[in-house]
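A.B. asks: generate coordinates for the sequence data below:
(one chain, ligands or ions: 2)
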Amino acid sequence: MIHIRSKEEIEIIRNSALMDSATLTEVAKFLKPGITTISIDKMAEAFIRDNGGVPSFKGYNGFPYSLCISVNDVVVHGFPSNYELKDGDIISVDCGFYKNGYHGDSAYTFAIGEVKPEVLKLLRVTKESVYRGIAQACENNRVGNISYAVESYTNGEHGYGVVRELVGHGVGKKLHEDPQVPNYGKRGDGKKLREGMVLAIEPMINLGTKDVFTERDGWTVKTKDGKPSAHFEHTTAVRKVKGEPLSSFAPIEEAEAANTELNSAHYQQAVVSSSI
Ligand code: MG
Ligand code: MG
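C.D. replies: Numbers count the residues shown, from 1 in each chain. Ligands and ions are numbered 1, 2, ... in the order given. Predicted coordinates for the structure are as follows:
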């Protein structure tokens, strides 16, 4: 069943989604080569709880951590660990924040130091594709319009692999609700969109092929070809003319730009505004 949320409910979801953004902003300030990914998880969990929230992912189907932290060829659902970030890595951080009965869900991929231009381009295009999807999240469109917008840009225009095994979703009282929102598909296919639906739009885009596999831990999803993968996600309200992101990348981008460890010359060239 697909829920239509009231104005009041959407404001509660917006608050949770903006707390995702605030948590990811803390991550952006914290990132530098040499730190472990488990230290990021611990910092973020403390921030979430200090702000009266609960990390949505901790304990979800047995997931043991507060954040999903996915480095380089890990697509999503990576476990925070003692791995030390190094110059040239990319790191996708996915955060769920639960408060007042509703979840927000948002993800962002960061570059650490000097990252290859082709990988920075993957980050830029994947981030842009979220907004291409959001633009289609309007009354009377169907889910497939969102899917097509993401796929035609990332794969059609740029030749990247679009992950099929994992998809976006409705989000609200539960972290994962109907409908599923694939990042591939046809315009006019799927469930009809109505104003007040809230969707997590989250392209997972590979530099190489679309093929992925899951590690023996049952969670960590990696690219088969070992090439890097990017992931950006906004909790999004369906509106009359186009979707409205309830989470915001603006504070994350500001912190990212101020963090000199992330601020290589290459990176500055590739950074884009999210105000599309
Ligand atoms: Mg997420
Ligand atoms: Mg999600």
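A.B. asks: please tell me I have it right and residue 160 contacts residue 154.
C.D. replies: Yes - with contact defined as C-beta atoms under 8 Å, residue 160 reaches residue 154; the gap is 4.7 Å. For glycine as for every other residue, the C-beta is placed from the backbone atoms N, C-alpha and C.
A.B. asks: and for the two, which residues touch both?
C.D. replies: When contacts are counted by C-beta atoms under 8 Å, 6 or more residues apart in numbering, residue 160 and residue 154 are jointly contacted by 125, 126, 205.
A.B. asks: list the contacts of residue 53.
C.D. replies: 16, 19, 97, 98, 99.
A.B. asks: what's the answer for residue 229, then?
C.D. replies: Residue 229 sits in contact with 70, 72-75, 92, 163, 204-207, 212, 223, where contact means C-beta under 8 Å, 6+ apart.
A.B. asks: one more: residue 203?
C.D. replies: 126, 129, 130, 133, 150, 154, 162, 183, 230, 231, 232.
A.B. asks: which neighbouring elements make contact with the host helix or strand of the third one?
C.D. replies: The secondary structure element spanning residue 130 is helix 117-135 (assigned by DSSP states H and E). Secondary-structure packing of helix 117-135 (3 or more C-beta pairs under 8 Å, 6 or more residues apart in numbering; DSSP states H and E): strand 102-111, helix 143-151, strand 198-201, strand 204-206, strand 229-231, strand 234-237, helix 265-270.
A.B. asks: could you check the angle the first one makes with helix 117-135?
C.D. replies: Compare the direction of strand 102-111 with that of helix 117-135 by axes from the mean of the first three to the mean of the last three C-alpha atoms, to 10 degrees and you get 150 degrees.
A.B. asks: low-confidence stretches in the stretch 1-150 of the chain?
C.D. replies: The stretch 1-150 of the chain contains no residues with pLDDT under 70.
A.B. asks: ranges for the helices of it?
C.D. replies: 7-30, 37-50, 117-135, 143-151 (DSSP state H, counting those that start in this stretch).
A.B. asks: same question for the stretch 151-276 of the chain.
C.D. replies: Counting by DSSP H, counting those that start in this stretch, the helices of the stretch 151-276 of the chain are 250-258, 265-270.
A.B. asks: got the residues of this protein near ligand 1?
C.D. replies: 94, 105, 107, 233 (C-beta under 5 Å from the ion).
A.B. asks: before we move on, back to that, CSV for the contacts of residue 229, including neighbour count?
C.D. replies: What follows is the contacts of residue 229, written out as CSV (neighbours: other C-beta atoms under 10 Å):
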residue, neighbour count
70, 28
72, 20
73, 20
74, 24
75, 26
92, 28
163, 24
204, 32
205, 29
206, 25
207, 24
212, 22
223, 23
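A.B. asks: and which of these is nearest ligand 2?
C.D. replies: residue 204 (9.9 Å; C-beta to the ion).
A.B. asks: the closest one against residue 223, yeah?
C.D. replies: No - Residue 204 is beyond contact range of residue 223, at 10.0 Å (criterion: C-beta under 8 Å).
A.B. asks: give me the common contacts of those two.
C.D. replies: Both residue 204 and residue 223 are contacted by 75, 229, under the criterion C-beta under 8 Å, 6+ apart.
A.B. asks: export stretch 23-32 to PDB, keeping only CA atoms.
C.D. replies: C-alpha atoms of stretch 23-32 as PDB (Å, rounded to 0.1, in the frame of the first residue of the first chain):
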ATOM      1  CA  THR A  23      24.500  14.000  10.200                       C
ATOM      2  CA  LEU A  24      26.100  13.800   6.700                       C
ATOM      3  CA  THR A  25      27.400  17.400   7.200                       C
ATOM      4  CA  GLU A  26      29.100  16.200  10.400                       C
ATOM      5  CA  VAL A  27      30.600  13.400   8.400                       C
ATOM      6  CA  ALA A  28      31.800  15.800   5.700                       C
ATOM      7  CA  LYS A  29      33.600  17.800   8.400                       C
ATOM      8  CA  PHE A  30      35.100  14.700   9.900                       C
ATOM      9  CA  LEU A  31      36.500  13.000   6.800                       C
ATOM     10  CA  LYS A  32      40.200  12.900   6.100                       C
END
